[in-house]
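Pasting a predicted model and its sequence here:
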Amino acid sequence: MKGAQEEVRRAIGKKERVEESDLHQYHYLKLVIKEALRLHHPTPLLVPRETIEKCTIGGYQILLKTRVFVNARAIAMDPKYWDNPEEFWPDRFLNNPIDFRGQDLEFLPFRFGRRGCPGLNFSMVVIELTLANLLHCFDWQLPHGMKREDVDMEEAVGITMHKKTHLCLVAIAKAYNA
């Protein structure tokens, strides 16, 4: 958080709000978002596909016209593709061409192909703009008496992923003349 917040504040200066035209400046913020999407996949199971021919996947025979579910979250956490997959480490995307637009099959938070998310470009602007403004306008702390290790990042089961327990943070408004 500190690195992304410093990047946003340094680029924005004394402006009150981050605007869409500012987003191109935030390289580290984009790494943080990519890593958050990898680690906390928004939709763990992709839209089911049906096989158009008999094939073998991972040693299993898959018959023609079999409905197949792709577990994108499992792929995003696979140590075959990711070093220390359980660790939140945005720098893994530094100088790494892997992107979430559906070309790199080891990272599919928005699906791929014809069934890819039609709102991908819009949602990324909203995510970047919202996060940049939250980091620019506020300092963030845990509630009194709570430690970092007390934060529960366990996810609830569902079609889309969400936290099992709410994340409680204290937002402290930043003075704009500071």
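Cool, got the structure.

can you list the weak-confidence ranges in this protein?
Low-confidence segments of the chain (pLDDT under 70): 102-104, 113-115, 176-178.

Checking the residue positioned nearest the centre of it next. Helix, strand or coil?
Against the mean C-alpha coordinate of the chain, by Cα atoms, centre = their mean, the closest residue is Leu37 at 1.7 Å. Leu37 carries the three-state label helix when classified by DSSP: H, G, I helix; E, B strand; the rest coil.

Pretty sure it sits against Asp99.
No. If you go by Cβ atoms under 8 Å, Leu37 and Asp99 don't touch, sitting 10.7 Å apart. To be clear about C-beta, it is placed using only N, CA and C from the backbone, and glycine gets the same treatment.

any residues in contact with both of those two?
Each of Phe107 lies in contact with both Leu37 and Asp99 under the rule Cβ atoms under 8 Å, 6 or more residues apart in numbering.

Could you list the buried residues of the longest helix along the chain?
Using DSSP state H, we find that the single longest helix of the chain is helix 120-137. The neighbour-count criterion (16 or more other Cβ atoms under 10 Å) identifies 124, 128-129, 131-137 as the buried residues of helix 120-137.

just the CA coordinates of that helix, formatted as CSV?
C-alpha atoms of helix 120-137 as CSV (Å, rounded to 0.1, in the frame of the first residue of the first chain):
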residue,chain,number,x,y,z
LEU,A,120,-12.9,-5.4,-18.9
ASN,A,121,-11.7,-2.0,-20.1
PHE,A,122,-14.4,-0.1,-18.2
SER,A,123,-13.9,-2.0,-15.0
MET,A,124,-10.1,-1.6,-15.0
VAL,A,125,-10.5,2.2,-15.3
VAL,A,126,-13.0,2.2,-12.4
ILE,A,127,-10.7,0.0,-10.2
GLU,A,128,-7.6,2.1,-10.9
LEU,A,129,-9.5,5.4,-10.5
THR,A,130,-11.2,4.3,-7.3
LEU,A,131,-8.1,2.9,-5.7
ALA,A,132,-5.9,5.8,-6.7
ASN,A,133,-8.4,8.3,-5.1
LEU,A,134,-8.6,6.2,-1.9
LEU,A,135,-4.8,6.1,-1.7
HIS,A,136,-4.5,9.8,-2.5
CYS,A,137,-7.2,11.2,-0.2
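
Counting by contacts, list what that helix packs against.
Packing contacts for helix 120-137, counted by 3 or more Cβ pairs under 8 Å, 6 or more residues apart in numbering; DSSP states H and E, involve helix 2-12, helix 27-39.

No further questions, thank you.
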